[in-house]
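Visitor: Prediction below, plus the sequence it came from.
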Amino acid sequence: MDGYSLAVFFHVLLFVFWLGTDVGVFLAAKISERAELSVETRSTVLGLGMVLDRLPRSALALIVPSGLGLAVHSGQLSLPSGFVLAAWVFALVWLAVLWMGFLNPQSKTEQRAMLFNFAMNAVLAVAVLVAGIYLLSTGAAATWLALKVLLVGFIFVFGVTLDVLFKPAVEAFVEITTTGATDELNEKYSKAIGPVYLIVLAIYAAVLAAAWLGIAKPFT
């Protein structure tokens, strides 16, 4: 297997870990709503979901440089020398900060890492969307690739929205764990986490569409 094939394989693995593990996060959140379960069980399941959430977040940090490398190597994109290397350095620093936070739960390190992650998602949401619009409007890349870049930009937008919407849900669940489950608190939690599911489904749709574009390349 040559280097390009390995790079494609790695890109596919990022997709698998991104979407596959995130389905586990989705299911864990749904189970945490079940009022017939004990608070301890619900908390354990949601905690497992948060652990699984590390994988899609890690994949998201690496997907851009991985895709850039493939596009440049295959001749789909023409970029300045060293751009892809800089993207990889940026992504690996981002990944390192993320995992510093993951490995230091409930600490200032975790808070700073999550704030950094939020900022990176916001920056890339703008940068990747602008890049996609530029590629699509100028014809600097094939239409399928420009659309794929746009979709990745929207995924970053959805990621920012998800973090904003998930905070009230976490606060509602913490209230359940500290004061005990009541019908009122269970309803409050379900109401808070409801919009989160819609954003997650939007991410799934965008990821699947981007993957299809990359494989089928339907538009020249």
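Guide: Received, thanks. Numbering: from 1, shown residues only.

Visitor: what's the neighbour count on Arg34?
Guide: 12 (other C-beta atoms under 10 Å). For glycine as for every other residue, the C-beta is placed from the backbone atoms N, C-alpha and C.

Visitor: how about the residue nearest to it when sequence neighbours are not counted, what does it touch?
Guide: Nearest residue to Arg34, sequence neighbours excluded (C-beta to C-beta, 6 or more residues apart in numbering): Arg42, at 6.8 Å. Each residue near Arg42 by C-beta atoms under 8 Å, 6 or more residues apart in numbering is listed here: Ile31, Ser32, Glu33, Arg34, Phe173, Ile176, Ala181.

Visitor: and what of Val207?
Guide: Contacts of Val207 by C-beta under 8 Å, 6+ apart are Phe15, Trp18, Leu19, Ile155.

Visitor: Can you say which helix or strand has it in it?
Guide: Assigned by DSSP states H and E, Val207 belongs to helix 183-216.

Visitor: Buried ones in that helix, by neighbour count?
Guide: For helix 183-216, the neighbour count (16 or more other C-beta atoms under 10 Å) marks 185-186, 188-189, 192-193, 195-196, 199-200, 202-204, 206-207, 210-211, 213-214 as buried.

Visitor: What of stretch 15-27?
Guide: Phe15, Phe17, Trp18, Leu19, Thr21, Asp22, Gly24, Val25, Phe26.

Visitor: Quick one: mean pLDDT over that stretch.
Guide: Averaging pLDDT along stretch 15-27 gives 90.

Visitor: This completes my enquiry, with thanks.
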